[in-house]
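when you get a sec, could you give me coordinates for this:
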Amino acid sequence: MLVAAYVLACVPALGIIYIGFGYLFAPAKSAATFGLRTIPTGSTAFFEIKGNRDLGTGLMLCVAMLAGSPHLVGWLLLAATVMPLCDMLIILRHKGKKAMAYGVHGATAALMAATAILFLLG
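Numbers count the residues shown, from 1 in each chain. Okay, here's the model as predicted:
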């Protein structure tokens with residue numbers, strides 16, 4: 001069960017690192033895939049900040065996995081679940097694409113929560 005948890009935890013950790021780099025190096029292109037109907041224009045600073053947050057979050061999860069502390073990974077994953085949940089709610093509040101809100105952000109939060117439970121029970 002613990003091996004499955006580590007494999008599952010790699011998906012959001014590596015995925016969010018990839019997304020973070022996308023927002024840092026191609027913020028406008030990445031912003032268009034977030035799920036909002038309109039994207040703020042005139043500055044990419046917000047999206048670069050988001051990229052930094054995403055990159056750091058993914059790296060923290062990777063470090064915890066490399067440290068070999070399953071309970072720490074579980075608690076970090078559970079705490080980090082709030083980020084995709086909030087992203088989902090932001091998209092819904094701003095009348096964005098529901099498919100992106102639920103299918104990407106909501107599904108990511110569900111995967112992270114389920115994986116956290118595997119770590120905490122393992």
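
all helices for the protein, in order.
2-25, 27-31, 45-67, 70-80, 82-93, 98-100, 107-121 (DSSP state H).

next one: the residue nearest to Leu14 when sequence neighbours are not counted relative to Lys97, how far apart?
Leaving aside its sequence neighbours, Leu14 sits nearest to Gly58 (C-beta to C-beta, 6 or more residues apart in numbering; 6.7 Å). Any C-beta I mention is one placed from the backbone N, CA and C, and that applies to glycine too. Going from Gly58 to Lys97 by C-beta to C-beta, to the nearest Å gives 23 Å.

can you check Ala32 too?
For Ala32 relative to Lys97 (C-beta to C-beta), the value is 11 Å.

of those two, who's got more company?
Lys97 (16 against 11; other C-beta atoms under 10 Å).

in contact with Ala113, which residues?
77-78, 81 (C-beta atoms under 8 Å, 6 or more residues apart in numbering).

hmm, 10 Å instead?
Each residue near Ala113 by C-beta atoms under 10 Å, 6 or more residues apart in numbering is listed here: 77-78, 80-81, 84-85.

next, the buried residues of the least confident helix or strand in the chain by mean pLDDT.
Here the helix or strand of the chain ranked lowest by mean pLDDT, DSSP states H and E is helix 27-31, holding a mean of 86. Buried residues in helix 27-31, counting neighbours by 16 or more other C-beta atoms under 10 Å, are found at 27, 30-31.

give me the contacts around it.
Contacts for helix 27-31 (C-beta under 10 Å, 6+ apart): 19-24, 39-41, 43-51, 54.

quick one: buried ones out of these?
The neighbour count (16+ other C-beta under 10 Å) marks 19-20, 22-24, 44, 47-48, 50-51, 54 as buried among the contacts of helix 27-31.

pLDDT and distance to Val63 added to these, as a markdown table?
Formatted as a markdown table, those follow (pLDDT from 0 to 100; distance: C-beta to C-beta, whole Å):
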| residue | pLDDT | distance to Val63 |
| --- | --- | --- |
| Ile19 | 92 | 18 |
| Gly20 | 93 | 15 |
| Gly22 | 93 | 21 |
| Tyr23 | 90 | 20 |
| Leu24 | 92 | 19 |
| Thr44 | 80 | 28 |
| Phe47 | 85 | 25 |
| Glu48 | 88 | 22 |
| Lys50 | 87 | 21 |
| Gly51 | 91 | 19 |
| Asp54 | 92 | 15 |
